[in-house]
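please find the sequence and the predicted model below.
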Amino acid sequence: MTRTVDLVADLGEGFGAYTMGDDEALLEMLTSANVACGFHAGDPRIMDATVRSCVEKRVAVGAHPSFPDLVGFGRRAMDLTPEEVRTDVLYQIGALQAFAVAHGTRVRHVAPHGRLGNLVAVRADYARAVVDAVASLDESLIVLAQDGELADAARARGLRVGIVGIADRAYRADGTLVPRSEPGAVIHDPEEIARRTLRMVTEGLIRSVDGKDVPVTCDTVLLHGDTPGAIALARRVREQLLAAGVRFAPLDDVLSADVSSADVLSAERV
């Protein structure tokens, strides 16, 4: 059976006069986008321009909420209460939803960023806070997550869940990511990343740092755009998947298991 997967990247992660990554080049390869909502990166002008570009390229818009940590790019632990997490996430989704509506679309999914994204996989209270925010706003929103507490809490509330496979990050044997503070957390070899991605998508497995094969559901592949050679790497991953017969579609269609030929991006869009 032909495997279909979503391709997503984190976009709009500049601030003011500062930019990060080549969003326009990445958009040519994506079916979905995680758009920064102003807490770890992004501002009203960047959010507006990013959503506009997503609409022009027919890329599904998703919210990328974070801890309120501009200085640390959302990668530092913060001692927030679950109620603060809930209201911060709700605030950020709502801000992005305003720009989405202004450009004739809507937010399709929610993908917690950085340290918040790591913690919701293992902290039940934070996971419930994110799910409460999503469910209270729009129960049609997809929760993008790794396997763990957030995915479990979302399913328990009847929300759809998209499991993300992260091509350039090392995994532990329990399926969680190796923290960026540890050596080897980020993989840089393009061929290794391409091989790992193909195996995640077609076999549902990834090799952990201690040499074990870990089962990984992969509804969407996260392509990073803020590392050296990121665009060439994203293109290499995409080409490898295409060569293996994998098709690409927005997460909504991947989860519905009802992908029409009109919704699938063509192989020429590389």
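Thanks, I have it.

and R196, that's in a helix?
Yes: when the secondary structure is assigned by DSSP: H, G, I helix; E, B strand; the rest coil, R196 falls within a helix.

may I ask which helix or strand encompasses the closest residue to E83 other than its chain neighbours?
Using CB to CB, 6 or more residues apart in numbering and skipping the chain neighbours, the partner closest in space to E83 is A129 (7.1 Å). Glycine gets a C-beta too; all of them are placed from N, C-alpha and C. Per DSSP states H and E, A129 falls inside helix 124-137.

dump the residue contacts of F73.
Listed by CB atoms under 8 Å, 6 or more residues apart in numbering, the contact set of F73 reads 13, 40-41, 114.

could you measure from V134 over to A41?
Summarising the geometry, the distance separating V134 from A41, computed by CB to CB, to the nearest Å, is 21 Å.

and what of P112?
14 Å.

spit out the residues that contact the two alike.
Taking CB under 8 Å, 6+ apart as the contact rule, the neighbours common to P112 and A41 are S66.

those two: which has the busier surroundings?
Looking at P112 and A41 with other CB atoms under 10 Å, you find the greater number of neighbours at P112, namely 29 against 26.

excluding chain neighbours, what is closest to the more buried one?
Here the nearest residue to P112 in space, its sequence neighbours aside, is V120; by CB to CB, 6+ apart that works out to 5.3 Å.

against R108, how distant is D6?
10 Å.

what of F39?
Here the criterion is CB to CB. By it, F39 lies 20 Å from R108.

after the single longest helix found in the chain, next one along is what?
Counting by DSSP state H, the longest helix found in the chain is helix 82-102. Beyond helix 82-102 in the direction of the C-terminus, DSSP H and E gives the next helix or strand as strand 107-110.

now the following helix or strand past that following strand: mean pLDDT?
Later in the chain than strand 107-110, the nearest helix or strand by DSSP H and E is helix 114-119. Mean per-residue pLDDT for helix 114-119: 94.

one more: stretch 69-85?
Rounded mean pLDDT across stretch 69-85 is 96.

buried ones in it?
With burial defined by 16 or more other CB atoms under 10 Å, the residues of stretch 69-85 counted as buried are 69, 73-75, 78, 80, 82, 85.
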